[in-house]
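>>> Sequence below, structure please.
(2 chains)
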Amino acid sequence: MNIVVCVKQVPDTTVVKIDPVKHTLIRDGVPSIMNPDDKGGLELALQLKEKCGANVTVITMGPPQADLVLREAFAMGADRAILLTSRAFAGADTLATSNALAGALRAIPYDLIITGRQAIDGDTAQVGPEMAEHLALPQVSYVVDCEYKGGNNFRVKKETEDGYEILDVEGPAVFTVLASGYKARYMSVGGIVDAFDREVEIWTEANLDLDPGKLGLKGSPTKVMKAFTKATKAAGQVYEVDAEQAVDVIISKMKEKFII
Amino acid sequence: MNKADYKDVYVFVEQRDGKIQSVALELLGKARVLADALNEKVVAFYPGYKNTENAKELIAWGADKVVVMDAPELEHYLTEQYSQAMSQAIDKYKPSIVLLGATTIGRDLGPRLASRLATGLTADCTGLDISEERELLMTRPAFGGNLMATIMCTEHRPQMSTVRPGVMQKGTKDESRVGEIENFAPVFDASKFKVKLVESVKENKGKVDITEAKILVSGGRGVGNPEGFAKLQALADVIGAQVSSSRAMVDAGVMPHEVQVGQTGKTVRPALYMACGISGAIQHLAGMEESDFIIAINKDKFAPIFGVADVGIVGDVHKIVPMLTEKLSKMIVKK
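Model prediction:
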């Protein structure tokens, strides 16, 4: 089986801070990581590889330094890595990104395509389904469990707001995975050593089976008109009092607001 | 594509087990405001099976027209079935704007449709407005809620956006409103149906959705463990509240994901939000800062939660919450 995993390198948004004076993002010192849901997706691919044998290709689109997440994927157990990098991809929204990835996927053999549900920097959850549509493949999003049933059949568990669904899927297909479903393994020590000797293939728009008008800013129907930090509301009153007085403050405020 | 051919504000009405989801009514409320600004109509796309009965409710909630798609293929949500129905309907009706709930269904269907229609889609919008040029302004958080971005889709139609449940306000239900109901019959290509639903399991039946709660008692790292949350539950029981959680306690396995408030959890706006032992990471604030009234209890007087709280108490939740519960239960019994 050939499995392709699409991953993204993202800033760790849990440590991004806002400059309180200039109201801009402070990106200095913010580590770049493999997007958690994508890492969960890679874990699913590696588990399928162990259970039924598979060749796992990892692909990412990003700047040259995104090479690092592919090395990490090698160290976890991936077999092949492709970095899509070119100025032609810059400024891509989700549709242009999904077009670029689909263009690359048309040039790679696959029986299953896996990606994370969403990236923690954009939080859109759009690239996976958009890519599935370009490739005319079925999709299941919010996957937390996947079982290979032989042939090109899979049984997956999809998380929903009020429970879950069990779905039977005829592949090839695109699954978008939740990190909560697959806890990623650590890199192996030998893997880390080898990862830096292995070849990451560098692809540009020339490698893609795609109309260049669908790439980057030109291929993006949505444009960011402005970005701003949220106006923070005025802080209320803070009480530094003993527990008994605190209770009285809370109760009087609740009465004032007709909550009790 | 000629932009002038596209008009009116459309809402995808999500039903599960035949029940119209509350996010669809919230979207109708917002669509009404947008359509009035454009002097256009609000139209509801309503796919389902044997669902014609409650279609007129959508008119009471603000729709001028309901397009009912009634087919056995649409009984339960499946990506391809719904994408075929919705893309055919969009091709026929040519909406200027299409709004979907940012639910597991809307976030699966929205991108599939946008890709099929080669148009733009903006996820999880928290603000929607009309510009002077009559374009849709879609505002959403980015970088885990650290930044807001306003996005436009000026050269493609429809302009599509998903909106989280609980973010927009429903309009006022008016049973006397008049509108049209018409049927649209999609033509399905079953050869493309590669996904079959084996079973659908509801795990938290009977529990109240935290986005619907009037009062939330919410716990974070300072609450720490199941015993701590039992104290919050005791307080919640006395004042008729629900218990919710920060991400830290969900990641730690103390609380289930469905009660998580924040960027990767749910957006809530209760009448009272009591943040207990929650420091107030920006991702958390993004999910609760629109609450009507916020009381925060935290040991650390520099905790960011105090920046959004109406009332801040510097103190120990483990001490204050049980005392508060006791005093309130006495008061309420006396009444």
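
>>> In the chain, where is pLDDT below threshold?
The chain I'm using is chain A. Along chain A, the model assigns pLDDT under 70 to residues A:18-25, A:27, A:231-234.

>>> Actually, chain B is the one I wanted.
B:204-208, B:334-335.

>>> Could you list the domains of it?
Following automatic domain parsing, one finds the domains of chain B at B:3-192, B:210-334.

>>> residues touching the closest residue to A:Lys257 other than its chain neighbours, list them.
Using C-beta to C-beta, 6 or more residues apart in numbering or on different chains and skipping the chain neighbours, the partner closest in space to A:Lys257 is B:Phe293 (5.3 Å). Using the backbone N, CA and C atoms, a C-beta is placed for each residue, glycine as well. Taking C-beta atoms under 8 Å, 6 or more residues apart in numbering or on different chains, we find B:Phe293 in contact with A:253, A:257, A:259, B:271-273, B:310-311.

>>> Same check on B:Asp292?
A:257, B:269-272 are the contacts of B:Asp292 under C-beta under 8 Å, 6+ apart.

>>> how close does it sit to B:Ser131?
Computed as C-beta to C-beta, to the nearest Å, the B:Asp292 to B:Ser131 distance reads 30 Å.

>>> mind putting the domains of chain B in a markdown table, distance to A:Gly128 included?
What follows is these, written out as a markdown table (distance: least, C-beta to C-beta, whole Å):
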| stretch | distance to A:Gly128 |
| --- | --- |
| domain B:3-192 | 8 |
| domain B:210-334 | 17 |
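
>>> Export the lengthiest helix in chain A to CSV, keeping only CA atoms.
Assignment by DSSP state H gives helix A:36-52 as the longest helix of chain A. Extracted in CSV, the C-alpha atoms of helix A:36-52 (Å, rounded to 0.1, in the frame of the first residue of the first chain):
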residue,chain,number,x,y,z
PRO,A,36,-0.2,18.2,15.9
ASP,A,37,-3.1,16.8,13.9
ASP,A,38,-0.7,16.1,10.9
LYS,A,39,1.6,14.3,13.3
GLY,A,40,-1.4,12.2,14.4
GLY,A,41,-2.0,11.5,10.7
LEU,A,42,1.6,10.4,10.3
GLU,A,43,1.2,8.1,13.3
LEU,A,44,-1.8,6.5,11.7
ALA,A,45,0.2,5.9,8.5
LEU,A,46,3.1,4.4,10.4
GLN,A,47,0.8,2.1,12.3
LEU,A,48,-0.8,0.9,9.0
LYS,A,49,2.7,0.4,7.7
GLU,A,50,3.6,-1.8,10.7
LYS,A,51,0.3,-3.8,10.5
CYS,A,52,0.0,-4.4,6.7
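
>>> who touches that helix?
Residues outside helix A:36-52 that contact it (C-beta under 8 Å, 6+ apart) are A:1, A:3, A:5-8, A:34, A:54-56, A:58, A:73, A:76-78, A:112, A:114-120, A:143, A:146, A:148, A:175-185.

>>> just how off-centre is that helix within its chain?
Centroid displacement of helix A:36-52 relative to its chain, using C-alpha atoms, centre = their mean, to the nearest Å, is 14 Å.

>>> Paired strands for the helix or strand that it is followed by, with orientation please.
Next along the chain after helix A:36-52, taking DSSP states H and E as the criterion, comes strand A:55-61. Next to strand A:55-61 in the sheet, as set by DSSP bridges, lie strand A:2-7 (parallel), strand A:80-84 (parallel).

>>> Of those, flag the one that's most buried.
strand A:2-7 (a mean of 25; mean count of other C-beta atoms under 10 Å in any protein chain shown).

>>> rewinding a little: if any of the contacts of helix A:36-52 are buried, give me the ChimeraX selection for them.
Command for ChimeraX that selects the buried part of the contacts of helix A:36-52, burial taken from 16 or more other C-beta atoms under 10 Å in any protein chain shown:
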select /A:1,3,5,6,7,8,34,54,55,56,58,73,76,77,78,112,114,115,116,117,118,119,120,143,146,148,175,176,177,178,179,180,181,182,184
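
>>> TSV for the strands paired with strand A:55-61, including distance to B:Glu26?
Formatted as TSV, these follow (distance: least, C-beta to C-beta, whole Å):
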stretch	distance to B:Glu26
strand A:2-7	33
strand A:80-84	38
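
>>> Was I right to think A:Leu208 contacts A:Ala107?
Yes: proximity of A:Leu208 to A:Ala107 meets the contact threshold set by C-beta atoms under 8 Å, at 7.0 Å.

>>> Compare neighbour counts for those two and give me the winner.
More neighbours surround A:Leu208 than the other of A:Leu208 and A:Ala107, with 24 against 12 (other C-beta atoms under 10 Å in any protein chain shown).

>>> dump the residue contacts of that one.
Residues in contact with A:Leu208 (C-beta under 8 Å, 6+ apart) are A:84, A:100, A:103-104, A:106-107.

>>> Please save the CA atoms from stretch A:194-207 in CSV.
Presented in CSV, the C-alpha positions along stretch A:194-207 are these (Å, rounded to 0.1, in the frame of the first residue of the first chain):
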residue,chain,number,x,y,z
ASP,A,194,19.9,8.9,9.7
ALA,A,195,17.3,11.6,9.1
PHE,A,196,19.9,14.2,8.2
ASP,A,197,21.7,11.9,5.7
ARG,A,198,18.5,11.1,3.7
GLU,A,199,17.3,12.9,0.7
VAL,A,200,14.4,15.3,0.9
GLU,A,201,13.2,15.8,-2.7
ILE,A,202,12.7,19.5,-3.6
TRP,A,203,9.8,20.1,-5.9
THR,A,204,8.7,23.3,-7.5
GLU,A,205,5.7,24.2,-9.7
ALA,A,206,7.6,22.5,-12.6
ASN,A,207,7.0,19.1,-10.9
